[in-house]
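**Student:** Sequence and computational prediction follow.
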Amino acid sequence: MALAEGRTTTRIRKHGSIAEALGGFRLWWLVLPAFLFFLVFFIAPVMSLFALAFDKPVAGVVSFAGNLTLDNFARIFTRPLYYLAIVRSVGIAAVVAVIALAIGYPLAYVIAKTEHPGRNTLLMILVLSSMQLDTVIRMYGLMVLMGDQGLINGALMSIGLIEKPLPLMYNTFGVVVGLVQIALPFMILSLIGIIKAIHPSLEEAARSLGATRAEAFWRVTLPLSMPGILAGSLLVFALSVSSYVVPALMGGWKVMVLPIHIYQQIAETGRWQFGSAVAVVLFATSLMAVFIYHKAAVRSAGGRT
Amino acid sequence: MSDIRLVNLSKTYGEGNAVSEINLKIGEGEFFSLLGPSGCGKSTTLRMIAGFIKPSAGQILIGSDDVTALPPEKRDIGIVFQNYAIFPHMNVAENIAFGLKLRKRNKNEITWRVTEALKQVGLAGYGERYQRQLSGGEQQRVALARVLVTEPRILLLDEPLSALDKGLREEMKFWIKDLQKNLGITTVYVTHDQDEALTMSDRIGVMSKSKIVQIGTPQEIYERPKTLFVTSFIGHSNMLDVTILGQDANGVTVDLNGQELKTRASSSVTPGGAAKLVLRPENVLIGAALGDGDSRLSATVLSETYQGPIVRYRLKVGEQEIVAERQNQAHVERFSPGTVVTIGWDPEWSEALVA
């Protein structure tokens, strides 16, 4: 019976239109405001910016002139300055996703498994409170900690462990630390719900069948957390690869990732067409990375998402 | 196959007792049920035997091994959960192979054993299916196969039928009991359902408020409840207010509305004290059904309820009500409301219990 029901649902999903899914025409009105806002203030400007990428580069010209060319893209893929930035952007975002997962999962696990309601709320507040401050403020905070004259270097030098300040920021390390700090709550929130949904009896069943605590985790809990791991790392990747503020402040313009190039081209040299082309490449790269990761993750999870 | 011994087993949470000082010996191959209302401590007891909860005091022995300090994976037990806990990311064959893989059995043996186990539970050919493609009853069979394939020393069942609908529950009741008998595996069954406990068990331990209040065969539990709690929890009973008149070797004499009645008493009672006279509705006889030596008293029929196989009468004796149930057989006399009838019962089937 369960099998039959499952099939019916799939059929509806496959053949039913969106209108059907919304339960009739009248519900369209509920979607309309958000849809219009999105269309006017997101899709339209981004599309017109992307259109500029295919226009002939003329400094200071912001409007679409219609002189179609692929020169901007050719420039990106022939100059190491730019194509290495693609690699760097993707690499940093991937590393951030891995680190956020590695340190976020244990915390998410503890929060999900804590039954004590007070303790649970406290942990959630801790996670959410870090999201209350703006990125810029949080980065300035990090700079106070990690700068050459910052708390860490100051302390290490005063006790004589080091003579010169450690290079903690204005490099890739600093950018990664900053991005992990921003991304961590998103990772944790993506994981908590999924881990909570894993019924405790599954782990207990594994234990009773002879699995140690660690084996039960590796064979049951972790594979069942895959949807959360997938969602969390995609979210973190997307946030990191497109972040401008963090590489700008923590990288001190020395870690040249794609968003920095975009800003430089558009805001500093007024080359809107080329800046747009970099933006298109960033967007496409990000989409491609997400697609590849998703495919790989689904395969490793045995076809489940 | 092993016996199970619980010695002074207790679990306290903060101030309260979840389980207090349980002493119990479950024999080899025995089907033992822990029966009680929710919160009585039956699940806690089972989870302590499984190793998921650490006892606050006492010992758990499986066979001759003291397993009290062992983690669940070292206890060599099998447990079936209320929700079956089928691993959703593995198909049925992988679920069943789980315990064998952990035991590092070779591939051929695993394949062969999984196939055998599926046959045993009547699910041959289901190996490729996933949990979401199985009905509740099928999931339960998979859960049992997954456990039995590891050949555990004892089998623990935590309300395994409560998630099934009624028809399937009836079927699975007998199926599980047969399987258990064939395997001869020592089984602890936790349930709040008296029908399940009565039908399936060799012995039942009735639990109330963290204690086992009575242990006995289903017949003993049903026919000779030792406390008012057991009486009211198992089946329906009439509980009539009586005064104890005296006790001798043959039983107790009580006063019911000024009439002297003989009855059984398992515990000693004080003459002059108040007690409840307990008897099952099916043992209250009316009119011609009464035999020699039965207690007799006069009653008025209040109502007659037709329930198919049985007919139920509410009767008034003095100021108290008695319920009688009669098999709806051929030639059985029926009584309409308002009729004055003679009712009675065999004194051996009634019991005086003190609250």
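**Tutor:** It's in. Values in this document were obtained by computation on a predicted structure and should not be read as measured data.

**Student:** quick one: contacts for the residue nearest to the spatial centre of chain A?
**Tutor:** With distances taken as C-alpha atoms, centre = their mean, the residue of chain A nearest its centroid is A:V236 (2.4 Å). For A:V236, the contact set (C-beta atoms under 8 Å, 6 or more residues apart in numbering or on different chains) comprises A:A93, A:V96, A:A97, A:A100, A:L101, A:A183, A:F186, A:M187. C-betas here are computed from N, CA, C, even on glycine.

**Student:** tell me the contacts of the residue of the stretch 251-355 of chain B found nearest chain A?
**Tutor:** Distances between the stretch 251-355 of chain B and chain A by C-beta to the nearest C-beta are smallest at B:G308, namely 29.0 Å. For B:G308, the contact set (C-beta under 8 Å, 6+ apart) comprises B:N328.

**Student:** ok, it to B:N328 distance?
**Tutor:** 7 Å (C-beta to C-beta, to the nearest Å).

**Student:** And for A:V95?
**Tutor:** Applying C-beta to C-beta, the value for A:V95 to B:N328 is 79 Å.

**Student:** How about B:V142?
**Tutor:** B:V142 sits at a distance of 41 Å from B:N328 (criterion: C-beta to C-beta).

**Student:** So between these two, which is more surrounded?
**Tutor:** B:V142 (28 against 14; other C-beta atoms under 10 Å in any protein chain shown).

**Student:** For the helix or strand harbouring that one, give the mean pLDDT please.
**Tutor:** Here B:V142 sits within helix B:136-148, counting by DSSP states H and E. Over the span of helix B:136-148, the pLDDT mean works out to 92.

**Student:** Give me the next element, helix or strand, following that helix.
**Tutor:** Assigned by DSSP H and E, the successor of helix B:136-148 is strand B:154-158.

**Student:** Could you name the helices and strands sitting against that following strand?
**Tutor:** Contacts defined by 3 or more C-beta pairs under 8 Å, 6 or more residues apart in numbering or on different chains; DSSP states H and E place strand B:154-158 against helix B:42-50, strand B:77-80, strand B:186-191.

**Student:** how is the chain carved up into domains?
**Tutor:** Reading this off chain A. A:1-52, A:73-300 (automatic domain parsing).

**Student:** Correction: the question concerned chain B.
**Tutor:** Domain ranges of chain B: B:4-231, B:236-353, per automatic domain parsing.

**Student:** In a markdown table, list the ones you listed along with distance to A:W29.
**Tutor:** Shown next, in a markdown table, are the domains of chain B (distance: least, C-beta to C-beta, whole Å):
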| stretch | distance to A:W29 |
| --- | --- |
| domain B:4-231 | 35 |
| domain B:236-353 | 55 |
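
**Student:** Following element in sequence after the helix or strand containing A:F73, please.
**Tutor:** Here A:F73 sits within helix A:71-78, counting by DSSP H and E. Using DSSP H and E, the helix or strand that follows helix A:71-78 in sequence is helix A:80-113.

**Student:** Tell me if that following helix is near chain B.
**Tutor:** No - using C-beta under 8 Å from any C-beta of the partner chain, helix A:80-113 never reaches chain B; the gap is at least 13.8 Å.

**Student:** Can you spell out which helices and strands pack onto that helix?
**Tutor:** Here helix A:80-113 touches helix A:71-78, helix A:117-129, helix A:172-197, helix A:226-241, helix A:258-263, helix A:272-300, going by 3+ C-beta pairs under 8 Å, 6+ apart.

**Student:** Quick check: buried residues in that helix?
**Tutor:** Under the neighbour-count criterion of 16 or more other C-beta atoms under 10 Å in any protein chain shown, helix A:80-113 has A:82, A:85-86, A:88-90, A:92-97, A:99-101, A:104-105, A:107-109, A:111-112 buried.

**Student:** One more: stretch B:63-81?
**Tutor:** In stretch B:63-81, counting by 16+ other C-beta under 10 Å, buried: B:G63, B:V67, B:T68, B:P72, B:E73, B:R75, B:D76, B:I77, B:G78, B:I79, B:V80, B:F81.

**Student:** Spit out the contact partners of the fourth one.
**Tutor:** For B:P72, the contact set (C-beta under 8 Å, 6+ apart) comprises A:E204, A:R207, A:S208, B:A50, B:G51, B:F52.

**Student:** Can you tell me which of those residues comes closest to A:L224?
**Tutor:** A:E204 (13.7 Å; C-beta to C-beta).

**Student:** so the closest one is in which element?
**Tutor:** Assigned by DSSP H and E, A:E204 belongs to helix A:200-208.

**Student:** still on that earlier bit, just the angle for the helix holding B:V142 relative to helix A:200-208, thanks.
**Tutor:** In terms of direction (axes from the mean of the first three to the mean of the last three C-alpha atoms, to 10 degrees), helix B:136-148 departs from helix A:200-208 by 30 degrees.

**Student:** which residues are in contact with helix B:136-148?
**Tutor:** Helix B:136-148 is contacted from outside by A:205, A:208-209, B:78-81, B:84-86, B:92, B:95-96, B:98-99, B:117-118, B:120-123, B:126, B:131, B:134, B:155, B:160-161, B:163-165, B:168, B:171-172, B:176, B:179, B:183, B:185, using C-beta under 8 Å, 6+ apart.

**Student:** ok, now stretch B:48-58?
**Tutor:** Contacts of stretch B:48-58 (C-beta under 8 Å, 6+ apart): A:204, A:207-208, B:4, B:6-12, B:19, B:21-22, B:44, B:47, B:60, B:67-68, B:70-72, B:74-75, B:77, B:79, B:154, B:156, B:188.

**Student:** any idea of the mean pLDDT for it?
**Tutor:** Stretch B:48-58 carries an average pLDDT of 93.

**Student:** By neighbour count, which bits of it are buried? Give me those.
**Tutor:** By 16+ other C-beta under 10 Å, the buried positions in stretch B:48-58 come out as B:M48, B:I49, B:A50, B:G51, B:F52, B:I53, B:P55, B:G58.

**Student:** How about stretch B:320-330?
**Tutor:** B:Q320, B:I322, B:V323, B:A324, B:E325, B:R326.

**Student:** List just the nearest of those residues to A:Q149.
**Tutor:** B:V323 (89.2 Å).

**Student:** who does the helix holding A:F73 touch, helix- and strand-wise?
**Tutor:** helix A:80-113, helix A:272-300.

**Student:** So what touches that helix?
**Tutor:** Helix A:71-78 is touched from outside by A:53-54, A:56-57, A:82-83, A:86, A:273-274, A:276-278, A:280-281, with contacts defined as C-beta under 8 Å, 6+ apart.

**Student:** what's the spacing between stretch B:152-159 and its chain's center?
**Tutor:** Mean-position distance between stretch B:152-159 and its chain equals 15 Å (C-alpha atoms, centre = their mean, to the nearest Å).

**Student:** pLDDT averaged over that stretch - what is it?
**Tutor:** On average, stretch B:152-159 scores 94.

**Student:** In the stretch 1-150 of chain B, where is pLDDT below threshold?
**Tutor:** The stretch 1-150 of chain B contains residues with pLDDT under 70 at B:1.

**Student:** Write out the residues of it neighbouring chain A.
**Tutor:** Residues of the stretch 1-150 of chain B found near chain A (C-beta under 8 Å from any C-beta) are B:50-52, B:71-73, B:75, B:77-79, B:81-83, B:85, B:87-89, B:98-99, B:102-103, B:132-135, B:143, B:146-147, B:150.

**Student:** hmm, back to that, and the two most separated of the buried residues of stretch B:63-81?
**Tutor:** B:G63 and B:F81 (23.7 Å).
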